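K.L.:
build me a model from this:
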Amino acid sequence: MLINQLSVFIENKKGRLCDITSSLKKASVDIRAISVFDSSEFGILRLVVDQPEVGAKVLREAGHVVKLAQVLALDPSDKIGSLNDLFCLLYEQNINVEYVYSFVMPNNTGSPLIILKTDDQEKAIKVLQTSDAILIPSKNVYQQK
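P.N.:
Take a look at the predicted model:
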C-alpha cells in the first residue's frame, strides 16, 4: 500500500523545474504526481513517478538532493465531505496528516486521487481500510501506460 515518493530540495530559481523534469524525461521516468512547497529561496519538490529508484538515481547524478519517502495514494469517495470524513477519522485515531496533494492517474475516472503522508503510515492504512476510501496499491501507480 505504501508508495515511494521523491522529495527533491531545490532552489527557487527560474529553470529548476525544467532541469529536473528534463532529467526524468531523458531517463524515460514518467511523473504521476507533482507538488512544490516553497519558501522565498528554496523549495521541496515532491514527485510520485513510475520508477522511483531510477528517478532518484538520475536526479542524484544530476546533483540534486533527493530523499525517498513512503506515502499513501487513495481514492476518496466522490461525495461532499469525503475528505473531511477522512481527516476527522485520522484525527480521532490520533494520526497527524503531515501533507496531502492530489493527482490523476491514467485510465482513472477523472476523479482526483490524493497522496497522503501521516506521522504513522501503518496505522493510517489500517484506519483508512475501515473508511469509504480506496487505498491504491503501488503497482497501480507504477504501472506503465
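
K.L.:
any idea how the protein splits into domains?
P.N.:
Split into domains by automatic domain parsing, the chain comes to 2-69, 71-142.

K.L.:
mean pLDDT lowest for which of those domains?
P.N.:
Lowest mean pLDDT of those: domain 71-142, a mean of 89.

K.L.:
what about that one, distance to the chain center?
P.N.:
Centroid separation for domain 71-142 versus its chain: 11 Å, with Cα atoms, centre = their mean, to the nearest Å.

K.L.:
and for stretch 28-42?
P.N.:
10 Å.

K.L.:
next, the buried residues of it.
P.N.:
For stretch 28-42, a neighbour-count test (16 or more other Cβ atoms under 10 Å) marks Val29, Ile31, Arg32, Ala33, Ile34, Ser35 as buried. Glycine gets a C-beta too; all of them are placed from N, C-alpha and C.

K.L.:
could you pull up the residues touching the fifth one?
P.N.:
Think Ile34. Leu45, Arg46, Leu47, Val48, Phe103 (Cβ atoms under 8 Å, 6 or more residues apart in numbering).

K.L.:
hang on, isn't the third one packed against Val8?
P.N.:
Yes. Counting by Cβ atoms under 8 Å, a contact exists between Leu47 and Val8, whose distance comes to 6.9 Å.
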